[in-house]
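*Asks:* Fold the following and give me the result.
(one chain, ligands or ions: 1)
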Amino acid sequence: MAADALKTPTALKTPSDLQTNATKTVAEALNGILADSFALYMKTKNFHWHVSGPHFRDYHLMLDEQAAEIIAGTDDIAERVRKTGNTTLRSIGDIARHQTVKDNDAAFVAPDAMLGELRDDNLALVTTLREAKDLADAAKDNATSAMIDDWTDQAERRAWFLFEAGRTG
Ligand SMILES: [Fe+2]
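*Replies:* Residues are numbered from 1 along each chain as shown. Predicted coordinates for the structure are as follows:
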């Protein structure tokens, strides 16, 4: 990525008492979480649309609930970046450059594999959130730290539901 893409244009410098370098590190972590949220939203919708089999209705509805929760969180993540004087994602291309959640473009995915993959993606997001919380705490950014707690709880809940729904015994 070009270096100037990471610099906040003067006109977009929101005033903040937090240290600029520290908030920039937190913002970079939040932008990664934002990209992963969009990627996870898309994959959850993809599986909502393409799920098949005897548990179709249960899985179809659960995945829609989870996708709605993920997309609802994205605005708060992006606005937290802006509140601390930094800039956030601007495009689908920007998402692709920042995401660590892998896309799944397979023509067919078995329903148990869908649940397992999403469970692992949500647990990986939990790990990323814990790392971001350490950065927020180091930056004394208590508001971001508290919001990360909520996002972590939601991701853990999704992983729990995906685990239980996918159990065979
Ligand atoms: Fe739908």
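
*Asks:* so what does the longest helix along the chain touch, helix or strand wise?
*Replies:* Identified as the longest helix of the chain according to DSSP state H is helix 20-50. Judged by 3 or more C-beta pairs under 8 Å, 6 or more residues apart in numbering; DSSP states H and E, helix 20-50 is in contact with helix 56-83, helix 92-98, helix 111-138, helix 142-165. C-beta coordinates here come from the backbone N, C-alpha and C atoms, glycine included.

*Asks:* can you dump the C-alpha coordinates of stretch 72-86 into CSV?
*Replies:* Provided in CSV are the C-alpha atoms of stretch 72-86 (Å, rounded to 0.1, in the frame of the first residue of the first chain):
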residue,chain,number,x,y,z
ALA,A,72,-24.4,-3.9,12.2
GLY,A,73,-21.0,-3.7,14.0
THR,A,74,-19.1,-2.3,11.0
ASP,A,75,-20.3,1.3,11.3
ASP,A,76,-19.2,1.5,15.0
ILE,A,77,-15.7,0.1,14.1
ALA,A,78,-15.2,2.6,11.3
GLU,A,79,-16.5,5.5,13.3
ARG,A,80,-14.2,4.6,16.2
VAL,A,81,-11.3,5.0,13.8
ARG,A,82,-12.5,8.4,12.7
LYS,A,83,-13.2,9.6,16.3
THR,A,84,-9.5,9.0,17.1
GLY,A,85,-8.3,11.1,14.2
ASN,A,86,-7.5,8.4,11.7
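
*Asks:* picking up where we left off before, most packed of the helices and strands packed on helix 20-50?
*Replies:* helix 111-138 (a mean of 19; mean count of other C-beta atoms under 10 Å).

*Asks:* elements contacting it?
*Replies:* With contacts taken as 3+ C-beta pairs under 8 Å, 6+ apart, helix 111-138 sits against helix 20-50, helix 56-83, helix 142-165.

*Asks:* what is the mean pLDDT for that helix?
*Replies:* For helix 111-138, mean pLDDT rounds to 98.

*Asks:* just to revisit the earlier point, may I see the buried residues of the longest helix of the chain?
*Replies:* Residues of helix 20-50 classed as buried: 22-48, 50 (neighbour count, 16 or more other C-beta atoms under 10 Å).
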